[in-house]
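K.L.:
What shape does this take:
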Amino acid sequence: MSKGRIFLIVKIFAVIGLILSSYLLWQQFFRPAFQPCNINSFINCDAIVSGPVAKTFGISTPLYGFIGYIIILFAVFTRRIRLLLFMATFGLIFCLWLAYIELFVLKVICPICIGCQLVIASIFSLAVMINRNKDVKNQ
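P.N.:
Predicted coordinates:
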């Protein structure tokens, strides 16, 4: 697969990540009455938007994802492979840490967070492919 095609797929995943993180930010800041992500006490987004992990180092946790996906898009548009790989790696580690907290400490599942985790894992895999295939033609 050409680098151009991989970059396009990363752009699509990053836009999906932006949408998912925007939804969590909207939930956190506006707390609407209708919350489709809150299915029951085990499957809900409340742990992320208002629970103990709502903020990380004093900053809204979903904001980290939103800014991260913007930086990933910047890296893809400017073809900065190292920045892309760094952000994908940081994002994956951050998401895995959140998943651990959600599952084993809070004992909840956030469907939107799972979506973000799948997106960042896909971006990480693609970033590794791009980094390993530096000799692939830019098409």
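K.L.:
make it CA atoms for all contacts and neighbour counts henceforth
P.N.:
OK.
K.L.:
From the centroid of this structure, which residue is nearest?
P.N.:
residue 116 (4.0 Å; C-alpha atoms, centre = their mean).
K.L.:
can you map out the helices along the chain?
P.N.:
Along the chain, counting by DSSP state H, helices occupy 3-30, 46-49, 61-77, 81-100, 111-132.
K.L.:
Quick one: mean pLDDT for the third one?
P.N.:
So the one you mean is helix 61-77. The pLDDT scores in helix 61-77 average 95.
K.L.:
just the angle between that helix and helix 81-100, please?
P.N.:
Helix 61-77 runs at 160 degrees relative to helix 81-100, counting by axes from the mean of the first three to the mean of the last three C-alpha atoms, to 10 degrees.
K.L.:
one step back: and the helices of the chain, which is most packed in?
P.N.:
Most buried of the helices of the chain, by mean neighbour count (mean count of other C-alpha atoms under 10 Å): helix 46-49, with a mean of 23.
K.L.:
which other residues reach it?
P.N.:
Helix 46-49 has contacts (C-alpha atoms under 8 Å, 6 or more residues apart in numbering) with 24-25, 27-28, 38, 53-54, 61-62, 102, 106, 108, 110.
K.L.:
Max pairwise distance over these: which two?
P.N.:
Spatially, the most separated pair among the contacts of helix 46-49 is 25 and 106, at 19.8 Å (C-alpha to C-alpha).
K.L.:
mind checking which helix or strand of this protein has the lowest mean pLDDT?
P.N.:
Confidence across the helices and strands of the chain bottoms out at helix 46-49, with a mean of 78, counting by mean pLDDT, DSSP states H and E.
K.L.:
could I have that helix exported to PDB, CA atoms only?
P.N.:
C-alpha atoms of helix 46-49 as PDB (Å, rounded to 0.1, in the frame of the first residue of the first chain):
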ATOM      1  CA  ASP A  46     -20.200   9.100  32.800                       C
ATOM      2  CA  ALA A  47     -16.900   7.900  34.200                       C
ATOM      3  CA  ILE A  48     -15.100  10.000  31.600                       C
ATOM      4  CA  VAL A  49     -17.200  13.100  31.500                       C
END
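K.L.:
rewinding a little: who are the contact partners of the closest residue to the residue nearest to the centre of the chain other than its chain neighbours?
P.N.:
Take residue 116 and drop its neighbours on the chain: the residue closest to it by C-alpha to C-alpha, 6 or more residues apart in numbering is residue 17, 5.8 Å away. Contacts for residue 17 (C-alpha under 8 Å, 6+ apart) come out as 65-66, 69, 115-116, 119-120.
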